[in-house]
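Novice: Next come a sequence and a model predicted from it.
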Amino acid sequence: MTATGMRLSSATVHEAAGRIGALPAQIKPLSPEMHIAGPAFPVRVPSGDNLWLHRAVYAASRGEVLVVETGGGFEYGYWGEILAEAAIARGLVGLVIHGGVRDSRRLVELGWPVFAERLCVRGTAKDPNGDGDLGEPVRLGDVTVRLGDLVVGDADGVVCVPAAVADDVRDKADRREQDEADHIRRLRAGETTLAIYQLP
């Protein structure tokens, strides 16, 4: 929660950070009510293999968000109900994956935040020699996500900002929320957006 008691908004955080950190627009929550905010635990998995995700659940710390790069192997369901239950038991706060998930109805029922590039029923391998990484930087679209970076997601999408500026961005986001609340009050009182934003 921010100082105003409101949840961080992905769009507000993106603006407060100087319009950086927006992850690929295809990554969306399984349900629009889902919201995520926490430090990133990056994971790189081999295309079509989810063994590193099983490892990640036990390597990540309570309160962290798994942020997963799949090497462009989108047409697989890397995550489902069993992994979600394991992650909940570990105290992880959500998943962001540039790839597919399955068991979507059950994931929504669990209410644990899952943000994915797509739904896909196709199963994955578990190669013990597969090339993956835990806690090392990953790249989703044009954004590099590092361990501890601030991840915020909601119905609009997901944004990730560097840990070094996270506190400053939170403060700026909080102020933006307060400003926007004031703008809405003024609009309802009859003012125009042109006047409020001093637009030509």
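Specialist: Received, thanks. Computed from a predicted structure; not experimentally measured. Numbers count the residues shown, from 1 in each chain.
Novice: Tell me how many other residues crowd T12.
Specialist: Using other CB atoms under 10 Å, T12 has 24 other residues around it. Glycine gets a C-beta too; all of them are placed from N, C-alpha and C.
Novice: same thing with G99?
Specialist: 27.
Novice: Helix or strand: which one has it?
Specialist: Here G99, judged by DSSP states H and E, is contained in strand 94-101.
Novice: And the helices in the protein?
Specialist: 10-16, 51-59, 81-90, 104-110, 166-188, 193-196 (DSSP state H).
Novice: For R62, which non-adjacent residue is spatially closest?
Specialist: G91 (3.5 Å; CB to CB, 6 or more residues apart in numbering).
Novice: Find me the pLDDT at that neighbour, would you?
Specialist: G91 is assigned 98 on the pLDDT scale.
Novice: Kindly report the same for E177.
Specialist: 88.
Novice: try E85
Specialist: 98.
Novice: For the nearest residue to it once chain neighbours are set aside, give me its contacts.
Specialist: The shortest distance from E85 to any non-neighbouring residue, by CB to CB, 6+ apart, is to L110 (7.5 Å). Neighbour list for L110: 81, 84-85, 88 [criterion: CB atoms under 8 Å, 6 or more residues apart in numbering].
Novice: sorry, back to before: just say which of the helices of the chain is most tucked in.
Specialist: Each of those was scored by mean neighbour count; the highest is helix 10-16, a mean of 22, by mean count of other CB atoms under 10 Å.
Novice: name the helices or strands packed onto the lowest-mean-pLDDT helix or strand in the chain?
Specialist: When the helices and strands of the chain are scored by mean pLDDT, DSSP states H and E, helix 166-188 comes last with a mean of 92. Contacting helix 166-188 under the criterion 3 or more CB pairs under 8 Å, 6 or more residues apart in numbering; DSSP states H and E are the following elements: helix 10-16, strand 150-154, helix 193-196.
Novice: With L30 as the reference, name the closest of these.
Specialist: Among the helices and strands packed on helix 166-188, strand 150-154 comes nearest to L30, with 11.2 Å by CB to CB.
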